[in-house]
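[1] Give me the fold of what follows.
(chains A and B)
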Amino acid sequence: RKEVEQDPGPFNVPEGATVAFNCTYSNSASQSFFWYRQDCRKEPKLLMSVYSSGNEDGRFTAQLNRASQYISLLIRDSKLSDSATYLCVVNNDNNAGNMLTFGGGTRLMVKP
Amino acid sequence: DVKVTQSSRYLVKRTGEKVFLECVQDMDHENMFWYRQDPGLGLRLIYFSYDVKMKEKGDIPEGYSVSREKKERFSLILESASTNQTSMYLCASSTGGFTHEQYFGPGTRLTVT
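    Modelled structure (predicted):
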(Lines give C-alpha, C1' and ligand atoms only; values in the text may rest on other atoms or scores of the structure.)
Protein backbone atom coordinates (compact mmCIF):
# COMPACT_ATOMS: atom_id res chain seq x y z
CA ARG A 1 0.00 0.00 0.00
CA LYS A 2 1.30 3.43 -0.92
CA GLU A 3 1.95 5.84 1.94
CA VAL A 4 -0.09 8.59 0.31
CA GLU A 5 -2.83 7.66 -2.16
CA GLN A 6 -4.79 9.82 -4.54
CA ASP A 7 -7.22 9.22 -7.38
CA PRO A 8 -5.13 10.11 -10.45
CA GLY A 9 -8.15 11.43 -12.37
CA PRO A 10 -8.38 13.24 -14.67
CA PHE A 11 -11.26 15.24 -13.28
CA ASN A 12 -12.85 17.10 -16.18
CA VAL A 13 -15.07 19.93 -14.98
CA PRO A 14 -16.64 23.02 -16.57
CA GLU A 15 -15.65 26.51 -15.55
CA GLY A 16 -17.48 27.61 -12.44
CA ALA A 17 -17.90 24.09 -11.05
CA THR A 18 -16.95 22.98 -7.58
CA VAL A 19 -14.59 20.03 -7.42
CA ALA A 20 -13.18 18.07 -4.51
CA PHE A 21 -10.16 15.79 -4.22
CA ASN A 22 -9.43 13.34 -1.45
CA CYS A 23 -6.20 11.80 -0.35
CA THR A 24 -5.51 9.05 2.20
CA TYR A 25 -2.31 8.46 4.13
CA SER A 26 -1.16 5.32 5.89
CA ASN A 27 1.07 6.60 8.68
CA SER A 28 -1.09 7.51 11.65
CA ALA A 29 1.89 9.37 13.19
CA SER A 30 2.01 11.87 10.31
CA GLN A 31 2.16 15.40 11.61
CA SER A 32 1.92 17.89 8.77
CA PHE A 33 -0.07 17.94 5.57
CA PHE A 34 0.01 20.01 2.40
CA TRP A 35 -1.35 20.41 -1.08
CA TYR A 36 1.14 21.23 -3.83
CA ARG A 37 0.20 22.20 -7.36
CA GLN A 38 2.14 21.10 -10.42
CA ASP A 39 1.45 22.60 -13.83
CA CYS A 40 2.22 20.61 -16.95
CA ARG A 41 6.01 20.34 -17.46
CA LYS A 42 6.65 22.55 -14.44
CA GLU A 43 7.92 21.99 -10.93
CA PRO A 44 5.59 21.49 -7.91
CA LYS A 45 4.75 24.54 -5.84
CA LEU A 46 3.11 24.80 -2.44
CA LEU A 47 -0.60 25.58 -2.75
CA MET A 48 -1.57 25.47 0.91
CA SER A 49 -0.90 23.79 4.22
CA VAL A 50 -3.67 21.73 5.83
CA TYR A 51 -4.50 22.37 9.46
CA SER A 52 -6.53 20.24 11.83
CA SER A 53 -9.20 22.90 12.08
CA GLY A 54 -9.46 23.20 8.31
CA ASN A 55 -8.37 26.25 6.40
CA GLU A 56 -9.48 28.36 3.49
CA ASP A 57 -7.59 30.48 0.99
CA GLY A 58 -9.92 32.24 -1.39
CA ARG A 59 -11.64 29.59 -3.52
CA PHE A 60 -9.62 26.77 -1.97
CA THR A 61 -10.55 24.91 1.22
CA ALA A 62 -8.47 22.17 2.79
CA GLN A 63 -9.69 19.73 5.43
CA LEU A 64 -7.95 17.11 7.55
CA ASN A 65 -9.61 14.09 9.13
CA ARG A 66 -7.06 12.43 11.40
CA ALA A 67 -9.39 9.68 12.57
CA SER A 68 -9.96 8.47 9.01
CA GLN A 69 -6.51 9.54 7.81
CA TYR A 70 -7.64 11.55 4.85
CA ILE A 71 -7.13 15.04 3.53
CA SER A 72 -9.37 16.90 1.13
CA LEU A 73 -9.11 19.89 -1.17
CA LEU A 74 -12.19 21.73 -2.37
CA ILE A 75 -12.01 24.19 -5.25
CA ARG A 76 -15.01 26.45 -5.77
CA ASP A 77 -15.84 28.41 -8.92
CA SER A 78 -13.18 26.61 -10.98
CA LYS A 79 -11.13 28.68 -13.41
CA LEU A 80 -9.34 27.53 -16.55
CA SER A 81 -6.10 28.43 -14.79
CA ASP A 82 -6.83 25.85 -12.08
CA SER A 83 -6.03 23.10 -14.59
CA ALA A 84 -3.04 21.32 -13.08
CA THR A 85 -2.06 18.27 -11.08
CA TYR A 86 -2.67 18.54 -7.35
CA LEU A 87 -0.26 16.66 -5.10
CA CYS A 88 -1.18 15.57 -1.61
CA VAL A 89 1.88 15.73 0.64
CA VAL A 90 2.58 14.42 4.13
CA ASN A 91 5.45 15.14 6.50
CA ASN A 92 6.26 12.71 9.30
CA ASP A 93 8.51 15.20 11.10
CA ASN A 94 11.41 12.88 11.61
CA ASN A 95 14.56 14.36 13.07
CA ALA A 96 16.68 13.89 9.98
CA GLY A 97 15.33 16.89 8.18
CA ASN A 98 12.25 18.05 6.40
CA MET A 99 11.18 14.92 4.53
CA LEU A 100 7.97 14.95 2.55
CA THR A 101 6.07 12.01 1.08
CA PHE A 102 4.14 12.84 -2.09
CA GLY A 103 1.02 11.26 -3.46
CA GLY A 104 0.87 10.45 -7.15
CA GLY A 105 -1.26 13.50 -7.87
CA THR A 106 -4.78 14.18 -9.12
CA ARG A 107 -5.10 15.79 -12.50
CA LEU A 108 -7.72 18.50 -12.94
CA MET A 109 -8.84 19.82 -16.31
CA VAL A 110 -11.21 22.79 -16.30
CA LYS A 111 -13.03 23.26 -19.60
CA PRO A 112 -14.64 26.44 -20.98
CA ASP B 1 12.68 35.80 -5.02
CA VAL B 2 13.38 32.17 -4.21
CA LYS B 3 15.45 30.39 -6.80
CA VAL B 4 16.54 26.80 -7.35
CA THR B 5 18.35 26.11 -10.59
CA GLN B 6 19.36 22.85 -12.23
CA SER B 7 22.22 22.52 -14.67
CA SER B 8 20.25 21.08 -17.59
CA ARG B 9 16.60 20.87 -18.65
CA TYR B 10 17.19 17.93 -20.98
CA LEU B 11 19.99 15.40 -21.02
CA VAL B 12 20.59 12.30 -23.13
CA LYS B 13 23.22 9.80 -22.01
CA ARG B 14 24.28 6.31 -22.97
CA THR B 15 24.06 3.25 -20.77
CA GLY B 16 27.12 2.96 -18.57
CA GLU B 17 28.02 6.66 -18.67
CA LYS B 18 28.66 8.60 -15.48
CA VAL B 19 26.11 11.39 -15.13
CA PHE B 20 26.24 14.50 -12.97
CA LEU B 21 23.14 16.54 -12.20
CA GLU B 22 23.79 19.83 -10.48
CA CYS B 23 21.46 21.88 -8.32
CA VAL B 24 22.07 25.33 -6.89
CA GLN B 25 19.88 27.35 -4.52
CA ASP B 26 20.35 30.99 -3.60
CA MET B 27 18.23 31.07 -0.45
CA ASP B 28 20.83 29.88 2.09
CA HIS B 29 18.67 26.82 2.81
CA GLU B 30 20.01 24.06 5.03
CA ASN B 31 18.06 21.20 3.47
CA MET B 32 18.37 20.00 -0.11
CA PHE B 33 16.69 17.06 -1.82
CA TRP B 34 16.79 15.02 -5.00
CA TYR B 35 13.63 13.36 -6.30
CA ARG B 36 12.71 11.49 -9.41
CA GLN B 37 9.22 11.70 -10.88
CA ASP B 38 7.74 8.97 -13.02
CA PRO B 39 4.18 8.58 -14.38
CA GLY B 40 2.00 6.66 -11.96
CA LEU B 41 4.66 6.66 -9.24
CA GLY B 42 4.74 10.32 -8.27
CA LEU B 43 7.79 11.94 -6.70
CA ARG B 44 10.15 9.60 -4.92
CA LEU B 45 12.99 10.79 -2.71
CA ILE B 46 16.45 9.61 -3.76
CA TYR B 47 18.73 11.42 -1.30
CA PHE B 48 18.64 14.46 0.89
CA SER B 49 21.11 16.59 2.81
CA TYR B 50 20.50 18.73 5.88
CA ASP B 51 23.96 20.25 6.07
CA VAL B 52 27.18 20.61 4.14
CA LYS B 53 28.91 17.24 3.70
CA MET B 54 25.90 15.48 5.25
CA LYS B 55 23.70 13.12 3.27
CA GLU B 56 20.90 10.71 4.00
CA LYS B 57 19.34 8.02 1.85
CA GLY B 58 15.79 8.49 0.74
CA ASP B 59 13.40 5.83 -0.50
CA ILE B 60 15.24 4.82 -3.67
CA PRO B 61 19.01 5.50 -3.33
CA GLU B 62 20.22 2.46 -5.27
CA GLY B 63 22.29 3.40 -8.30
CA TYR B 64 22.77 7.01 -7.12
CA SER B 65 25.17 8.99 -4.97
CA VAL B 66 25.26 12.63 -3.94
CA SER B 67 27.71 15.32 -2.99
CA ARG B 68 27.28 18.48 -0.97
CA GLU B 69 30.55 20.34 -0.65
CA LYS B 70 28.98 23.78 -0.39
CA LYS B 71 25.73 24.84 1.22
CA GLU B 72 24.21 26.14 -1.99
CA ARG B 73 25.07 23.18 -4.21
CA PHE B 74 23.79 19.60 -4.17
CA SER B 75 24.89 17.17 -6.87
CA LEU B 76 23.30 13.89 -7.91
CA ILE B 77 25.60 11.31 -9.49
CA LEU B 78 24.66 8.29 -11.52
CA GLU B 79 27.85 6.21 -11.44
CA SER B 80 26.82 4.00 -14.37
CA ALA B 81 23.59 5.13 -16.00
CA SER B 82 21.01 2.52 -16.87
CA THR B 83 17.84 2.73 -18.96
CA ASN B 84 15.64 2.39 -15.86
CA GLN B 85 17.08 5.69 -14.65
CA THR B 86 15.37 7.52 -17.49
CA SER B 87 13.16 9.96 -15.59
CA MET B 88 12.46 13.54 -14.59
CA TYR B 89 14.82 14.59 -11.78
CA LEU B 90 13.77 17.37 -9.45
CA CYS B 91 15.91 19.15 -6.91
CA ALA B 92 14.38 20.99 -3.96
CA SER B 93 15.51 23.00 -0.96
CA SER B 94 14.00 24.16 2.31
CA THR B 95 14.98 25.90 5.48
CA GLY B 96 15.81 23.92 8.59
CA GLY B 97 13.28 23.31 11.31
CA PHE B 98 9.65 22.71 10.47
CA THR B 99 8.89 25.34 7.86
CA HIS B 100 8.24 22.50 5.46
CA GLU B 101 7.77 24.36 2.22
CA GLN B 102 10.13 22.90 -0.32
CA TYR B 103 11.13 24.99 -3.31
CA PHE B 104 11.74 23.03 -6.47
CA GLY B 105 13.98 23.56 -9.41
CA PRO B 106 12.60 23.27 -12.97
CA GLY B 107 13.70 19.65 -13.34
CA THR B 108 16.05 17.74 -15.61
CA ARG B 109 14.58 15.22 -18.01
CA LEU B 110 17.21 12.52 -18.36
CA THR B 111 17.01 9.92 -21.10
CA VAL B 112 19.40 6.97 -20.96
CA THR B 113 19.68 5.06 -24.23
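
[2] show me what contacts the residue nearest to the spatial centre of chain B?
    Centroid-nearest residue in chain B: B:Trp34, 2.8 Å away (criterion: C-alpha atoms, centre = their mean). By C-beta atoms under 8 Å, 6 or more residues apart in numbering or on different chains, the residues touching B:Trp34 are B:21, B:23, B:45-48, B:58, B:64, B:66, B:74, B:76, B:89-91. C-beta: built from backbone N, CA, C; applies to glycine.

[3] near chain A too, which of these?
    B:45, B:48, B:58, B:90 (C-beta under 8 Å from any C-beta of the partner chain).

[4] For the first one, which three-state class applies?
    The three-state assignment at B:Leu45 reads strand, by DSSP: H, G, I helix; E, B strand; the rest coil.

[5] what's the nearest residue to it if we skip its chain neighbours?
    Among residues not flanking B:Leu45 along the chain, B:Gly58 sits closest, at 3.2 Å (C-beta to C-beta, 6 or more residues apart in numbering or on different chains).

[6] In contact with that neighbour: list those residues for me.
    Taking C-beta under 8 Å, 6+ apart as the test, what B:Gly58 contacts is A:99, B:33-35, B:44-48.

[7] residues from chain B in reach of chain A?
    Counting by C-beta under 8 Å from any C-beta, chain B comes close to chain A at B:31, B:35, B:40-45, B:48-50, B:56, B:58, B:90, B:94-102, B:104-107.

[8] Out of the residues you listed, which sit inside strands?
    Those of the residues of chain B next to chain A mapping onto strands are B:31, B:35, B:42-45, B:48-49, B:56, B:90, B:94, B:104, per DSSP state E.

[9] Pick out the most distant pair among those.
    Farthest pair in these (C-beta to C-beta) is B:Gly42 and B:Ser49. Separation: 21.4 Å.
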